[in-house]
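Undergrad: For reference, the sequence and a predicted model appear below.
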Amino acid sequence: MKFFHHEDIDKAKWDLLVHESTNPRIYMLSWYLDIASPGWKAVIWDHYQAGLPLYVKKFYLLNYVPVPLLSQQTGIIFKPGFIYQTAIKEFFKSGTFKTFFRFTVSFHSGIDLQEINLPKSSSFNPRKNYNLNLNSSYEDLFRNFNDNRKRNLKKATALGWTCIQSDKIEPAIEMYKINQGSRQKDLKHTFQLIENIYKECCNRKLSELYCCLSEKGDPLAWCFFARFEKRIYYLFGAMNEEGKKYSAMSLIFKTVIDKYANQDLILDFEGGNLDGIGSYFESYGATAETYYSFTRNLI
């Protein structure tokens, strides 16, 4: 195990690790980390056989590690055959770990930490994320939509609503600011982050941005998706009041599901820990996966 400062990380080797890992995620790629976690550091094992990215920030003179925005699961990644349990135990016992007065990480789904003795002053909480496996026909996938989802789709179609693809994220962010953002605070950094991630995904041909239009051609909802490996990530969405009435987003999700049906892909809804949101994602036939959020406080 070795601690690497940002400038010492070999990003080509890091990205190869992500691609070859047992559980690759888009937000573990070096360019994504550069945007979401500027100056990120890492703990690396056995010449890039495994790695744990660390978004180290300062509170006065104290170092701490938070979970970056738009980065749901950024725990240890490793190549097949690597014994991650031993590596995690080593990290928890290391001097590196003890330098942070607060350390938070969301480990990837599929990682079992039940047998690992947690450090003192720590908590370990299960969280939910919802996925829809797209390796069935659209007809079969649609049958698993619940009745309410089917009704809303029928109403939206009857109203003449349609979906188009776009390459401009700014109107989507503006819709969010007006409708959802008015109830939240300090979102300037979040909006800039979304814009930067979207533009970089466009440069790498990984992005898909959809807009649901009314029968008059007015925008009702937006959804930004990113593709990596065998996952399609839902990273950002916005909706106005008219679109909310019959869930314009349903038409966008239906469009994406129809487009990628019968493929070895997963639609990753990137959320669901709140009951209402989880129920919404379940309405498309998505199933929950569990991942664990770990927090340890030194003081």
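TA: Looks like it came in fine. Numbers count the residues shown, from 1 in each chain.

Undergrad: Next, D112: secondary structure please.
TA: coil (DSSP: H, G, I helix; E, B strand; the rest coil).

Undergrad: any idea how far it lies from T86?
TA: Per CB to CB, to the nearest Å, D112 is found 13 Å from T86. For glycine as for every other residue, the C-beta is placed from the backbone atoms N, C-alpha and C.

Undergrad: Is K58 bridged to anything, and to what?
TA: The partner list for K58 in beta bridges (DSSP bridges) reads N63.

Undergrad: Give me the neighbour count for it.
TA: 8 (other CB atoms under 10 Å).

Undergrad: What distance do you get for it to A172?
TA: Distance from K58 to A172, by CB to CB: 33 Å.

Undergrad: One more: E195?
TA: For E195 relative to A172 (CB to CB), the value is 10 Å.

Undergrad: now do F281
TA: 20 Å.

Undergrad: Same check on Y284?
TA: 21 Å.

Undergrad: buried stuff in the lengthiest helix in the chain?
TA: The single longest helix within the chain, with elements called by DSSP state H, is helix 188-203. The neighbour-count check on helix 188-203 (16 or more other CB atoms under 10 Å) flags 190-191, 193-195, 197-198, 200-201 as buried.

Undergrad: elements contacting that helix?
TA: Counting contacts by 3 or more CB pairs under 8 Å, 6 or more residues apart in numbering; DSSP states H and E, helix 188-203 packs against helix 30-36, helix 170-179, strand 207-213, strand 219-228, strand 231-239.

Undergrad: in the stretch 101-250 of the chain, what spans have low per-residue confidence?
TA: Filtered on pLDDT under 70, the stretch 101-250 of the chain yields the residue ranges 114-115.

Undergrad: I'd say L33 and L52 touch.
TA: No - under the criterion of CB atoms under 8 Å, L33 is not in contact with L52, lying 11.7 Å apart.

Undergrad: Run the chain-centre distance for stretch 190-204.
TA: Stretch 190-204 sits 14 Å away from the centroid of its parent chain (CA atoms, centre = their mean, to the nearest Å).

Undergrad: what's the domain layout of this protein?
TA: Domain assignment of the chain by automatic domain parsing yields the ranges 2-126+293-297, 135-264.

Undergrad: Same list (the ones you listed) but as TSV, adding distance to E270.
TA: Shown next, in TSV, are the domains of the chain (distance: least, CB to CB, whole Å):
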stretch	distance to E270
domain 2-126+293-297	6
domain 135-264	5
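
Undergrad: Minimum distance to D275: which of the ones you listed has it?
TA: Smallest distance to D275 across the domains of the chain (CB to CB): 14.2 Å, for domain 2-126+293-297.

Undergrad: Could you give the separation between the terminal residues of that closest one?
TA: 22 Å (CA to CA, to the nearest Å).

Undergrad: Going forward, the N-terminal residue is numbered 37.
TA: Yes, from this point I'll number from 37; that puts the last item at domain 38-162+329-333.

Undergrad: how far out from the middle of the chain is it?
TA: With CA atoms, centre = their mean as the basis, domain 38-162+329-333 stands 16 Å off its chain's centre.

Undergrad: Y246 contacts F261, doesn't it?
TA: Yes - with contacts counted by CB under 8 Å, Y246 reaches F261, the gap being 7.5 Å.

Undergrad: overlap in contacts of those two?
TA: Residues touching both Y246 and F261 (CB atoms under 8 Å, 6 or more residues apart in numbering): V292.

Undergrad: Quick check: phi and psi on the residue nearest to K77 when sequence neighbours are not counted?
TA: Spatial nearest neighbour of K77, excluding adjacent residues (CB to CB, 6 or more residues apart in numbering): L90 at 4.6 Å. L90 adopts backbone torsions of phi -130, psi 120, taken as degrees, to the nearest 10.

Undergrad: thought W50 was touching S66?
TA: Yes - using CB under 8 Å, W50 makes contact with S66 at a distance of 5.1 Å.

Undergrad: Compare these two and say which is more crowded by neighbours.
TA: A direct count of neighbours by other CB under 10 Å for W50 and S66 places W50 higher, at 21 against 18.

Undergrad: Three-state assignment for the more buried one, please.
TA: Classified using three-state DSSP, W50 is helix.

Undergrad: Show the contacting residues for it.
TA: With CB under 8 Å, 6+ apart, W50 has these contacts: 66, 78, 80, 84, 87.

Undergrad: Name all residues that make contact with the residue lying closest to V101 once chain neighbours are set aside.
TA: With sequence-adjacent residues excluded and distances taken as CB to CB, 6+ apart, V101 is closest to F139, at 4.7 Å. Shown in contact with F139 (CB under 8 Å, 6+ apart): 100-101, 133, 330-332.
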